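Enquirer: Dropping the sequence and predicted coords here.
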Amino acid sequence: MGHNKIIGEKIRNIRESQQLSIEDVAERSGLNMEQIKRIEDNTDFPSLAPLIKIARVLGVRLGTFLDDQAELGPVICRKSEASHAKSISFSNNATQTRKHMSYQSLSQDKSGRHMEPFLIDIESSKGADFIMSTHEGEEFIFVLGGIVEINYGKNTYILEEGDSIYYDSIVAHHVHAANGGTARILGVIYTPY
């Protein structure tokens, strides 16, 4: 059973346990009901921004949706395991079924965390339709390979292998591989409650 299946079920279970309707969540998160339904039914691979908004409404951490089980100790992710670890795919745009990023959580068993570290493979995004996302918190990105283009507010930054960037997520931003190439990044997302 894929990871994405679990995300929709977890959201529905938490929402129902709080006696909230899809309408309530839509109203409080600013997302539309259709989008929330699609996420709960696992029709869509949601991008992080709506998941963060839903987590806020439900009063849970983003990690709650991504976790399989919680461990209190440190979580070590070995390079050798990393390639076989479950990866979660998000597409940045519901109408674009082609997934252009695959996220692999490096912390999915750490409970009570506030940071979400991901190893992210960015596939070629020629002609992709980019949606800028904004959410509370901070993000740190370190480029492991390839060239990454980051739109942040009105500016564009080009990062090469070994470069990193740290920014506030509340400013509209979008991350993609430059010039239709591919890239690999370490991304750490911090979401306050």
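Expert: Thanks, I have the structure now. This is a predicted model, so every value here is computed, not measured.

Enquirer: Report the secondary structure state of Val25.
Expert: helix (DSSP: H, G, I helix; E, B strand; the rest coil).

Enquirer: and it, what is it in contact with?
Expert: Neighbouring residues of Val25 by C-beta atoms under 8 Å, 6 or more residues apart in numbering: 15, 31, 36, 54, 57-58. C-beta here means a position set from N, CA and C on the backbone, and glycine is covered the same way.

Enquirer: From Lys53, how far off is it?
Expert: 9 Å (C-beta to C-beta, to the nearest Å).

Enquirer: Now do the shared contacts for the two.
Expert: Leu31.

Enquirer: Could you pull out the helices in this protein for me?
Expert: 3-17, 22-29, 33-40, 48-58, 63-66, 79-82 (DSSP state H).

Enquirer: what about these, which gets the closest to Ser105?
Expert: Of all these, helix 63-66 sits nearest to Ser105, with 5.5 Å by C-beta to C-beta.

Enquirer: same for that closest one, what does it pack against?
Expert: helix 3-17, helix 48-58 (3 or more C-beta pairs under 8 Å, 6 or more residues apart in numbering; DSSP states H and E).

Enquirer: contact partners of the last one?
Expert: When contacts are taken as C-beta under 8 Å, 6+ apart, the neighbours of helix 48-58 outside the stretch itself are 7, 11, 14-15, 18, 20, 24-25, 28-31, 35-36, 39, 61-62, 64-65, 90, 133-137, 189, 191, 193.

Enquirer: Please state the offset of that helix from the chain centre?
Expert: Helix 48-58 sits 10 Å away from the centroid of its parent chain (C-alpha atoms, centre = their mean, to the nearest Å).

Enquirer: about what we covered before: turn the helices of the chain into TSV, including mean pLDDT and distance to Val148.
Expert: Output for the helices of the chain, formatted as TSV (pLDDT from 0 to 100; distance: least, C-beta to C-beta, whole Å):
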stretch	mean pLDDT	distance to Val148
helix 3-17	81	24
helix 22-29	94	29
helix 33-40	92	27
helix 48-58	88	16
helix 63-66	76	23
helix 79-82	62	19
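
Enquirer: now these in JSON lines, with distance to Tyr167?
Expert: As requested, the helices of the chain are exported to JSON lines (distance: least, C-beta to C-beta, whole Å):
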{"stretch": "helix 3-17", "distance to Tyr167": "25"}
{"stretch": "helix 22-29", "distance to Tyr167": "23"}
{"stretch": "helix 33-40", "distance to Tyr167": "25"}
{"stretch": "helix 48-58", "distance to Tyr167": "14"}
{"stretch": "helix 63-66", "distance to Tyr167": "21"}
{"stretch": "helix 79-82", "distance to Tyr167": "25"}
